[in-house]
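A.B. asks: With the sequence up front, the predicted model follows.
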Amino acid sequence: MSEERLIPLAEPVLTGRERQYVLECLDSGYVSSAGSFVRRFEEEFAEVVGVAHAVACASGTAALHVALRLAGAGPGTAVAVPAFTFIASANAAHYTGADLLLVDSEPQTWNMNTALLRDEVITRARLGRRIPEVVEIVHVLGHPADLDPLIELRDRFGIRIVEDAAESLGATWTAGTTAGHQVGAVGEFGCFSFNGNKIITSGGGGMIVTDNGELASAARHLTTQAKLPGGGYVHDAVGYNYRLTNIAAALGTAQLECLEDRLTAKRRIAEDYRRELRRVPGIGSAPSATWANPTFWLYSALLDCDGAPDDLVAGLAKAGAVARRLWPPLHQQKPYVTCETLGSEVADRIYHRGISLPSSADMSAAEQERVIAAVERLLRAS
Ligand SMILES: *Cc1c(COP(=O)(O)O)cnc(C)c1O
């Protein structure tokens, strides 16, 4: 009998030119941050996302840290962050020294309730109270957030927008002010991650994108120890060692060539889950707003009862598949429990009821059928 593999949650697929490009690095001797793949990855990435500039970074968290700092986040300022996100979004804001305002999700896409934030900011401004200087908007799990209320805040109050698009490369808006754009291309900065579980990977890495050439130069400067041009060791600010290596960029360049295939696979997987799980009681379907074309990076849905996700994760593990619960909201995470909050109910509910199902781009139809059959059996028995 053939051994069936453990069906993973989301693993890298390395079937393109990864080996060839990495070997080119080794043969050329350019393995560190000098070398042609860094520039090539940046240029090709900017083109794919539809922006003028891209600056490669050592991680998505590093990209966010630099972008937030350049957008004005720092001691004495406040950054609005969604309560429901991976903790790196909050950490990057915290590194700048800013205070965090944790904003609840909206139920349709699970992203930050930007209308709630807009109304709150307008009220606070009228009362002469402090308003956030920066909004770090996260597009969670492959679904774009509704940016229109934030664009209103930007235009009325000068609030700056940084997009955390780490999980959502390739997702687009299809209606509204942002129609036709990809996530990451609308805010002053967009940030991406190439961690191993993301839609494309460079082993580890990130990218800052912006249409503003001066901001791109400033970002490049901060990621390279704020060293001034010329041969000397002269620095004009406290910078970071956040540059991507050429080897990582070689991997990323090869992965980027396969992005369309990955997106097609993720959307096909989502379609199959949606169709097949419709007849199963106790589970909803992944968020998909009419005004967006999400990527379904991790196919995630809500179960009907609090606590049910733990049982389903355990049951699927026994059936040979890796599922995972979603993130505890930031207001429940130890470093952020004391942060100011704007609502919390929706994020709490998503945490208590949400689950991500196996979503690897190379999952076979037979594997997905096994997952679906196991979900159905487990939920019908519960
Ligand atoms: C993965 C991720 C990050 C951080 O990216 P790294 O490359 O792991 O540092 C930031 N924000 C979100 C929403 C993420 O999912």
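C.D. replies: Noted; the coordinates are in hand.

A.B. asks: Now whatever residue of the chain ends up closest to the ligand. Nearest residue, chain neighbours left out?
C.D. replies: With CB to the nearest ligand atom, the shortest gap between the chain and the ligand falls at G60, namely 2.5 Å. Yep, even glycine has a C-beta here, placed from its N, CA and C like the rest. Nearest non-adjacent residue to G60, counting by CB to CB, 6 or more residues apart in numbering: S193, 2.7 Å away.

A.B. asks: Report the beta-bridge partner residues of that neighbour.
C.D. replies: As for beta bridges, S193 partners with G206 under DSSP bridges.

A.B. asks: who in the stretch 201-350 of the chain is up against the ligand?
C.D. replies: G206 (CB under 6 Å from any ligand atom).

A.B. asks: In the stretch 201-350 of the chain, what residue spans correspond to strands?
C.D. replies: Per DSSP state E, counting those that start in this stretch, the stretch 201-350 of the chain has strands spanning 206-210, 292-293, 300-302, 324-325, 340-342. These are given in chain order.

A.B. asks: so of those strands, which one's packed in deepest?
C.D. replies: Most buried of the strands of the stretch 201-350 of the chain by mean neighbour count (mean count of other CB atoms under 10 Å) is strand 206-210; its value is a mean of 29.

A.B. asks: that older thread, would you quantify the distance from the residue nearest to G60 to R19?
C.D. replies: Here the criterion is CB to CB, to the nearest Å. By it, S193 lies 23 Å from R19.

A.B. asks: Which of those two has more residues huddled nearby?
C.D. replies: S193 (29 against 13; other CB atoms under 10 Å).

A.B. asks: So which residues make contact with the helix or strand harbouring E136?
C.D. replies: Secondary structure from DSSP states H and E places E136 in strand 134-138. Strand 134-138 is touched from outside by 64, 68, 71-73, 77-82, 85, 89, 92-93, 98, 111-112, 114, 117, 145, 147, 150, 153, 159-164, 166-167, 187, with contacts defined as CB atoms under 8 Å, 6 or more residues apart in numbering.

A.B. asks: Mark which of those residues are part of strands, please.
C.D. replies: When the contacts of strand 134-138 are checked against strands (DSSP state E), the matches are A78, V79, A80, V81, P82, R160, I161, V162, E163, D164.

A.B. asks: By neighbours, which of those wins?
C.D. replies: Neighbour counts for those (other CB under 10 Å) peak at D164, which has 34 neighbours.

A.B. asks: Quick check: the farthest pair among the ones in strands among the contacts of strand 134-138?
C.D. replies: A78 and E163 (18.0 Å; CB to CB).

A.B. asks: Report the secondary structure state of the closest residue to T290 other than its chain neighbours.
C.D. replies: Among residues not flanking T290 along the chain, A175 sits closest, at 7.2 Å (CB to CB, 6+ apart). Going by DSSP: H, G, I helix; E, B strand; the rest coil, the secondary structure assigned to A175 is coil.

A.B. asks: Hmm, A175 is touching N293, no?
C.D. replies: No - with contact defined as CB atoms under 8 Å, A175 does not count as touching N293 (10.3 Å).

A.B. asks: which stretches of the stretch 251-382 of the chain form helices?
C.D. replies: Per DSSP state H, counting those that start in this stretch, the stretch 251-382 of the chain carries helices over the ranges 259-277, 308-318, 345-353, 365-381.

A.B. asks: got CSV for these, with mean pLDDT and distance to L302 too?
C.D. replies: Below are the helices of the stretch 251-382 of the chain laid out as CSV (pLDDT from 0 to 100; distance: least, CB to CB, whole Å):
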stretch, mean pLDDT, distance to L302
helix 259-277, 98, 12
helix 308-318, 98, 9
helix 345-353, 98, 4
helix 365-381, 97, 12
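
A.B. asks: Cool, thanks, signing off.
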